[in-house]
Structures are given as C-alpha cells and as structure tokens.
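>>> no FASTA, just this:
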C-alpha cells in the first residue's frame, strides 16, 4: 500500500493583488480630486434649486465679518479691500477670458449691501453669469432657468 | 568536508511593502479630500451695453425684503410661501411679467437667496415658470427709479 505523508501547507495570505487594488483607488482619488481655490469658511444659504457650478469658475467669497476674497479659479484666493477692487479684478478676468462664470460664496448673514456692491461690480465688468453658491435643503429639485 | 555555499539568487521583485505604501497614499488622499459645495443658483446678468429696458413699476411685481427678513410684495406684507400663490394669476395673464427683488441694504443676504429660490421653484409648485426675475443694484435703482 502506497501511503503518502500529508504535506504541510504554508499559511500565506496572497497579497500580490493588494497593491493593484490600492493603486486603482489612488488613481481614482487623484482623478476626482479638485483643489479648493477658496477655503473661506462660511455658512451658505440653503436652497432647493441648485445648479452645478462650472469647474474653474472665478470665486468671490465673503465671510461673516464681510471680508472679501477673490480667485480667478486657477490660483488660491486673495483678500481685497473693497467692492471697487472686485470690479478691477473681474474686469481683468473677463478681459482675458470672456464669458467666464463667477461664483459668489457668501455667508447667509452678510448684509445685502456688500453683495449688492459685488453684483454691481460684476455687472459693470460685463460678467454674463453668476452663481450664488448654496447648500442643499431637505428636498432637492433639479432645474434651472434664466433670471 | 566541503560545504557548498548557496549562491541561488531570487529572481522575484519584492512587492510585499508595495501595498503598505499604496495604502498610506490612500489614507493621505482620504484625509485631505474635502467635499466642497459646488452647486448654487445661477443668475443671468443683463448686458450693460444693451439699452436698459424701461419697466413701469405698476406693470411689475415688486418684492421688497426688509432688514428683519420681512417680505413686502406690492406694498403688502407676505409670508415666503405665499408669494407664488400671489404671483400665479398674474403670471397666467402675462408669463413675462417682471418680478423685481429689492432687498434692503441692511437685510441679510440669506433672505434674498430664500426669495430667489422660492421664485425658481415656481414651475414645480404652481406649474408656471417665473421667467423675468431681476435684482437691480442700488446704483441702478438710484439711476433709473428716481
């Protein structure tokens, strides 16, 4: 009778494909990651209607204290002194990139006077479309239109 | 006795630490990634080169926002959710009826957004779109209204 002794099996977890999975995840994160050009912390007003803001749009942020920061969408935002500076900034952006969209990211408690000055500057700079950045309300509807 | 030295060299690339490095990078990306708000209300600005259309105040609906957030529509105090019911018969008669939002300079920006958002929901709530919304700036009000 031919009896074979049982062979000891090696207790190894195969980890060869682990790196493949991990690198796939890294590639996913790298492709989907966008660098935030403006890191101003604000409490955004909440809306039901919300449209996707174009990537690379120029940002104008206003925090609760009324401090204004601007970014053309390609570099980090910088502080400006007044809405008149917003006009010269926006005019420069529109001159180099006509049709560029602007995003107003403002705290919900900011006095409207400041926003009025910014919108007025954008109108004078011939900006065509602005987005009022908002958070999501409980019921979200898709839709849009022209105002 | 002559012992032979083991000169066999492994032909495998060591990949054991590869997963460690990769997972470290994943953890870095997961920690540093922030979910930024990237949605909002779009607003088409009128072309300043165009001739400013003259809108008679009597022909339009004027929504004023007071400093405390109170809403006054055509001189009548009104709740936010009553605005669309007020507008419905007027929009049925004239779908292009201008609706003007005029926030007080001392009112909160959030109140203006609330009113604008309510008007943008008109199609879903009353079945008719508010096509002609305008938010004149203080400069425009002073230049054209007085």
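Right, received. Where do you want to start? Because the structure is a prediction, the values reported are computed rather than measured.
>>> only C-alpha atoms from now on, for both contacts and neighbour counts.
Noted.
>>> quick one, phi psi at the spatially closest residue to residue A:23 that is not a sequence neighbour?
Distance criterion C-alpha to C-alpha, 6 or more residues apart in numbering or on different chains; nearest residue to residue A:23, sequence neighbours excluded, is residue B:22 at 6.0 Å. Torsion angles at residue B:22 (phi, psi; degrees, to the nearest 10) stand at phi -60, psi -40.
>>> what sits against residue B:22?
Residue B:22 is in contact with A:19, A:22-23, A:26, counting by C-alpha atoms under 8 Å, 6 or more residues apart in numbering or on different chains.
>>> neighbour count, secondary structure and pLDDT added to those, as TSV?
Shown next, in TSV, are these (neighbours: other C-alpha atoms under 10 Å in any protein chain shown; DSSP: H, G, I helix; E, B strand; the rest coil; pLDDT from 0 to 100):
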residue	neighbour count	secondary structure	pLDDT
A:19	19	helix	77
A:22	20	helix	80
A:23	18	helix	83
A:26	20	helix	83
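>>> shaky segments in the chain?
All of this is about chain A. A:1-7, A:138-147 (pLDDT under 70).
>>> meant chain B, my bad for not saying
Checking chain B against pLDDT under 70 turns up B:1-7, B:34-37, B:47-58, B:145-146.
>>> how about the strands in it?
B:39-44, B:61-65, B:71-73, B:76-78, B:99-103, B:133-134 (DSSP state E).
>>> ok, back up a step: how far away is the residue nearest to residue A:23 from residue B:16?
Noted for residue B:22: a distance of 11 Å to residue B:16, by C-alpha to C-alpha, to the nearest Å.
>>> ditto for residue A:82
For residue A:82, the distance to residue B:16 - C-alpha to C-alpha - is 57 Å.
>>> the two: which is more packed in?
residue A:82 (15 against 12; other C-alpha atoms under 10 Å in any protein chain shown).
>>> ok, that one touching residue A:66?
No - between residue A:82 and residue A:66 no contact is recorded; they are 9.8 Å apart, counting by C-alpha atoms under 8 Å.
>>> can you give me the helices in chain A?
For chain A, helices defined by DSSP state H occupy the ranges A:18-32, A:83-96, A:112-124.
>>> ok, and which of the ones you listed has the densest surroundings?
Most buried of the helices of chain A, by mean neighbour count (mean count of other C-alpha atoms under 10 Å in any protein chain shown): helix A:112-124, with a mean of 21.
>>> who are the packing partners of that one?
Other helices and strands packing on helix A:112-124, by 3 or more C-alpha pairs under 8 Å, 6 or more residues apart in numbering or on different chains; DSSP states H and E, are helix A:83-96, helix B:109-120.
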